[in-house]
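Participant: Task: produce atomic coordinates for the following.
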Amino acid sequence: MSAIDTDGSRSGRKAAFVDRDGVINVETGFLHRVEDFQFLPGAVQGLLRLQAAGYLLVVITNQSGIARGLYTEADYLRLTAHMQGLLSAAGVELSAVEYCPHLPDARIARYRVDCDCRKPLPGMLTRAAAALNIELATSILVGDRAADIQAGRSAGVGRCWLVRSGAALSQADIELADAVFDDLAHCARALPG
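Facilitator: The predicted structure is shown next:
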C-alpha cells in the first residue's frame with residue numbers, strides 16, 4: 001500500500017522483509033531465551049548492506065511456541081528487545097518486528113486463532129506495509145522456508161528469496177523462490193548497485 005503523489009507516481013518506500021529464525025539467528029527450535037540467541041554468520045553484515053541500499057528492515061516471524069505454551073509473549077518480547085539492542089549497537093535499525101503468536105489448534109486458548117498473519121498468509125507483511133507506507137512491489141523478502149515465499153507472493157512482494165542457513169530446502173522450495181543464497185550476506189550482495 002502506498003500513497004500516490006500528485007503527479008500519479010507512487011511514494012511508498014521499499015522494504016526488506018526478513019524472517020528471523022534461520023535467516024538472522026541460529027534456528028534452535030522455539031528460541032525464546034536471551035542466552036540462546038546467536039546471530040548467523042553474515043546476518044548483521046547482510047542487514048547493514050540492505051539498510052545502506054535504502055531498504056526499511058522489517059522482521060517477520062511466526063512464533064507458535066507462544067500458542068503452544070512453550071514460552072510466553074513476554075519471553076518473546078524480551079528476546080526481541082535483546083536482538084534489537086544488539087543490532088542497534090552494530091548500526092542496524094529495524095523499522096518493525098512483526099510476529100504471529102497464533103495457531104488454530106493452540107494449547108493456549110487466547111492464541112487459538114485462525115488468523116491472516118501466520119505465514120504462509122500475508123498479514124504480517126500487509127500490516128507493516130500499511131503502517132510504514134511500504135511499496136510491496138519494489139520490496140524484497142528473505143526467508144528460509146516455502147511458507148516465507150508464499151507469504152511474500154500473496155502480499156505482492158517484488159522479489160522473494162530463500163537462504164540455505166536455516167531449514168533444509170527441497171527442490172520444490174527452491175523452485176518457488178526468485179533466487180537462493182547461502183545466507184543473508186550473500187543475498188544482500190546480490191542486490192543491484
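Participant: remind me which residues of the chain are low pLDDT?
Facilitator: Scanning the chain for pLDDT under 70 picks out 1-11, 193.
Participant: what do you get if the cut-off is 80, keeping everything else the same?
Facilitator: In the predicted model of the chain, residues 1-11, 192-193 satisfy pLDDT under 80.
Participant: Show me where it has its helices.
Facilitator: Remark: helices assigned in the chain by DSSP state H are 43-52, 64-67, 73-89, 123-132, 146-155, 171-176, 184-189.
Participant: can you redo those as TSV with mean neighbour count and distance to C100?
Facilitator: The way it works is simple: take the backbone N, C-alpha and C, and place the C-beta from them, glycine included. Shown next, in TSV, are the helices of the chain (neighbours: other CB atoms under 10 Å; distance: least, CB to CB, whole Å):
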stretch	mean neighbour count	distance to C100
helix 43-52	20	21
helix 64-67	21	8
helix 73-89	15	11
helix 123-132	20	6
helix 146-155	22	10
helix 171-176	13	20
helix 184-189	22	21
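Participant: Output those as TSV; include the columns distance to I24.
Facilitator: Shown next, in TSV, are these (distance: least, CB to CB, whole Å):
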stretch	distance to I24
helix 43-52	5
helix 64-67	17
helix 73-89	7
helix 123-132	15
helix 146-155	12
helix 171-176	19
helix 184-189	7
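Participant: need the longest strand for the protein.
Facilitator: strand 56-62 (DSSP state E).
Participant: what packs against it?
Facilitator: Applying 3 or more CB pairs under 8 Å, 6 or more residues apart in numbering; DSSP states H and E, one finds that strand 56-62 makes contact with strand 15-19, helix 43-52, strand 96-100, helix 123-132, helix 146-155.
Participant: before we move on, back to that, which one of the helices of the chain lies closest to A109?
Facilitator: helix 64-67 (9.6 Å; CB to CB).
Participant: where does the closest one sit relative to the chain's centre, distance-wise?
Facilitator: 17 Å (CA atoms, centre = their mean, to the nearest Å).
Participant: helices or strands up against that helix?
Facilitator: Short answer (3+ CB pairs under 8 Å, 6+ apart): helix 64-67 packs on helix 73-89.
Participant: and the helix it packs on with strand 96-100, angle?
Facilitator: 150 degrees (axes from the mean of the first three to the mean of the last three CA atoms, to 10 degrees).
Participant: mind exporting helix 73-89 as CSV, just the C-alpha atoms?
Facilitator: Output of helix 73-89 as CSV, limited to C-alpha atoms (Å, rounded to 0.1, in the frame of the first residue of the first chain):
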residue,chain,number,x,y,z
GLU,A,73,4.7,-13.5,24.9
ALA,A,74,6.8,-11.6,27.5
ASP,A,75,9.6,-14.1,26.8
TYR,A,76,9.3,-13.4,23.1
LEU,A,77,9.3,-9.6,23.6
ARG,A,78,12.3,-9.8,25.9
LEU,A,79,14.3,-11.8,23.3
THR,A,80,13.2,-9.3,20.6
ALA,A,81,14.4,-6.3,22.6
HIS,A,82,17.7,-8.1,23.1
MET,A,83,18.1,-8.7,19.4
GLN,A,84,17.1,-5.1,18.6
GLY,A,85,19.7,-3.9,21.1
LEU,A,86,22.5,-6.0,19.6
LEU,A,87,21.5,-4.9,16.1
SER,A,88,21.3,-1.2,17.1
ALA,A,89,24.8,-1.4,18.6
